[in-house]
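Peer 1: Would you be able to build a 3D model of this:
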Amino acid sequence: MPERHAVLLVRAALPVPEETAVKSYLGGLPRMPSHFEWPIEAPFGEPRALTFVAQVALSEIPEFPQRSLLPDAGTLYFFVSSDFDGVGDPASAVLYFEDEAAALPIVAPPDNLMLLGGNLYYYSRFWLDEERDPRARVEFKYPLSFVVTESYPENEPARQIEAWQAALGAPSNHDIRALYDAISPEDDAWPFNWATLEHLARALAVTLERDPWRFERLPAETVAETREIAAAARAWAATANRADAFAPLPAERAAEFRTWWRAQRDPVKKVAREVGAYAPNIDRAFVKAIRYAVRLTSAAGADARELIPSHYLQSVQAETLWLPADSARLSSVHMPMHQMFGFGERVQSAPIDHANDVLLLQITGDEGLAWHENIGCVLQLWVSSSALQALRLDEVQATLECD
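Peer 2: Coordinates of the predicted model:
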C-alpha cells in the first residue's frame, strides 16, 4: 500500500459563465458570506487584493485515508499573489466557511485587485486593457471534479503514472500536436464572431506598439510601416467593439478582415527579422487571441459557444486531455496535475522542506490559466496536519518553484 493518497482537481476544459451554479471551481469570482473580506497583501510594498484561485466545496471531496483532516462540509477559498516575478514564497490566504456557498452572492473584486500574472508584458493575454478588460484581473471560471488516486514520490514515476491511469481511465489517443496546430491563420474559420476580430486586431496592435525601443535602430520607413499596421489594427478593433461581441460577422466582412490580416504577416515578419531579440510575433499573437476568444465566447454561454468552430474547441480542450507519454516520466504527462494532499510535484526542494506538512493545494502550470501558464512551474500551499485539523488556516504557507 502506498503511504499517501491524493485528490486530483480535474478542471473543465472550457470555462462557464460566472453565474453558473457549481460548488467547486478554479478561477472566476468567489461566492462568500457578507462578513468575509477579500484578502489583501502588500507583496511589493503596495497593498493589493490577492488573486482568487479556487473555491472547493468539501462535501464534494471523496473519501480517502487523510479525509478526516478536513471538515465533512463547508467551503475552502484559496487566494494567492499571482505576481510571480522574483517571488519564491508568494503571499496567500485560505478561508473557511462552515456551510455550502453555491447559493451565496458572487463577490465583486476590490478596486486594487492585482493583475493576473503581474507585468502584462509576460502575460499570455498581453493585449488586454488592464483598466477596462475584467479578464486582465479575473481568471475564467472552470468547474472542478475530484478523483482520488494513490500518490508516490518522484523516484517512483512509473508507479505514479500507473496510479493516475487507474484513477483517470485509459489515456486519450489524440495527436496533441495536431490539435494545437489546428488553430492557424491558413484556414477560413476565423473570425467566428466580432469578439474574435476585436481581440485579433488588438493583439496585433499591441504586439507592434509595446516597447518602442525595439524599433529604435530600424529605418524610418520601417517604423512608419509598423505604425500604419498598428493603427489599422486599432481601427478594426474599434469597429468590432461597437458590434455585438458574440454575434457572427457578415461573410464578406469576415473575409475582408482575414485578407487584411494575412497581408500583414510578411511585413511584420520582415520587421521581426530586423529587430532580432524581443521581436514582434504575429503568428503567436494570432494563436493567443484565438484561444482567448474561444474561452471568452464559452464563458458567454451555450448560445454563443455554438459559433465556435469545432476544431478550435478541440484545440483548447486538448489542454486537459489525460495523455501520458510512453517514457513513464512524470514530466511527460500532458494533463495539468492539480491536486490536494499526496506527495505533490517536486521541482526544487519544497516537497522535501515540507515533508511533514500536508499539501493542501497544488496548482501546476496550466495553459488555461493566464496567471500560471508556465508548465514548468508549480504553486503549492502547505500546512501542518495539526493546524489543518484545527482550521488554523493562517498558518498555510505558499511556495512557487520553476525549473
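
Peer 1: Check the offset of the longest strand belonging to the chain from the chain's centre.
Peer 2: Selection of the longest strand in the chain by residue count, based on DSSP state E, yields strand 142-151. Relative to the chain's own centre, strand 142-151 is displaced by 18 Å; criterion: Cα atoms, centre = their mean, to the nearest Å.

Peer 1: Can you name every helix or strand that the helix or strand just after it contacts?
Peer 2: Using DSSP states H and E, the next helix or strand after strand 142-151 towards the C-terminus is helix 157-168. For helix 157-168, the packing partners by 3 or more Cβ pairs under 8 Å, 6 or more residues apart in numbering; DSSP states H and E come out as strand 4-11, strand 142-151. Placement of C-beta: from N, CA and C, glycine included.

Peer 1: Give me the residues contacting the longest one.
Peer 2: Looking back up the chat, that one is strand 142-151. Surrounding strand 142-151, the residues in contact under the criterion Cβ atoms under 8 Å, 6 or more residues apart in numbering are 2-12, 14-16, 20, 22, 24-28, 54, 56, 60-64, 159-160, 163-164, 166-168, 341-343, 368.

Peer 1: in what helix or strand does W260 lie?
Peer 2: For W260, the host element (DSSP H and E) is helix 251-275.

Peer 1: give me the number of residues near A390?
Peer 2: 10 (other Cβ atoms under 10 Å).

Peer 1: With P309 instead?
Peer 2: By the measure other Cβ under 10 Å, the count of residues near P309 is 17.

Peer 1: Quick check: it touching A189?
Peer 2: Yes. Counting by Cβ atoms under 8 Å, P309 does reach A189; the two are 4.0 Å apart.

Peer 1: ranges for the strands of the chain?
Peer 2: Taking DSSP E as the test, the strands found in the chain are 4-11, 25-26, 40-41, 48-49, 51-57, 75-80, 92-97, 142-151, 339-341, 358-364, 377-383, 397-402.

Peer 1: returning to that earlier point: buried deepest among the helices and strands packed on helix 157-168, which one?
Peer 2: Each of the helices and strands packed on helix 157-168 was scored by mean neighbour count; the highest is strand 4-11, a mean of 23, by mean count of other Cβ atoms under 10 Å.

Peer 1: Show me the helices in this structure, by range?
Peer 2: Residue ranges of the helices in the chain, as given by DSSP state H, are 157-168, 176-181, 194-209, 220-241, 251-275, 282-298, 302-305, 310-317, 350-353, 385-389.

Peer 1: can you list those in JSON lines and add mean neighbour count, distance to D133 and mean pLDDT?
Peer 2: Compiled in JSON lines, those are given as follows (neighbours: other Cβ atoms under 10 Å; distance: least, Cβ to Cβ, whole Å; pLDDT from 0 to 100):
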{"stretch": "helix 157-168", "mean neighbour count": "17", "distance to D133": "35", "mean pLDDT": "92"}
{"stretch": "helix 176-181", "mean neighbour count": "14", "distance to D133": "25", "mean pLDDT": "88"}
{"stretch": "helix 194-209", "mean neighbour count": "25", "distance to D133": "9", "mean pLDDT": "96"}
{"stretch": "helix 220-241", "mean neighbour count": "16", "distance to D133": "11", "mean pLDDT": "95"}
{"stretch": "helix 251-275", "mean neighbour count": "15", "distance to D133": "21", "mean pLDDT": "95"}
{"stretch": "helix 282-298", "mean neighbour count": "21", "distance to D133": "10", "mean pLDDT": "96"}
{"stretch": "helix 302-305", "mean neighbour count": "13", "distance to D133": "17", "mean pLDDT": "96"}
{"stretch": "helix 310-317", "mean neighbour count": "18", "distance to D133": "19", "mean pLDDT": "95"}
{"stretch": "helix 350-353", "mean neighbour count": "18", "distance to D133": "33", "mean pLDDT": "94"}
{"stretch": "helix 385-389", "mean neighbour count": "15", "distance to D133": "37", "mean pLDDT": "97"}
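
Peer 1: outside of the worst-scoring helix or strand of the chain on mean pLDDT, which residues touch it?
Peer 2: Ranking every helix and strand in the chain by mean pLDDT, DSSP states H and E puts helix 176-181 at the bottom, with a mean of 88. Around helix 176-181, the neighbours that count as contacts under Cβ under 8 Å, 6+ apart are 314-315, 318, 321, 323, 334.

Peer 1: Between the helices and strands packed on helix 157-168, which one is closest to R253.
Peer 2: With distances scored as Cβ to Cβ, the stretch of the helices and strands packed on helix 157-168 nearest to R253 is strand 142-151 (32.2 Å).
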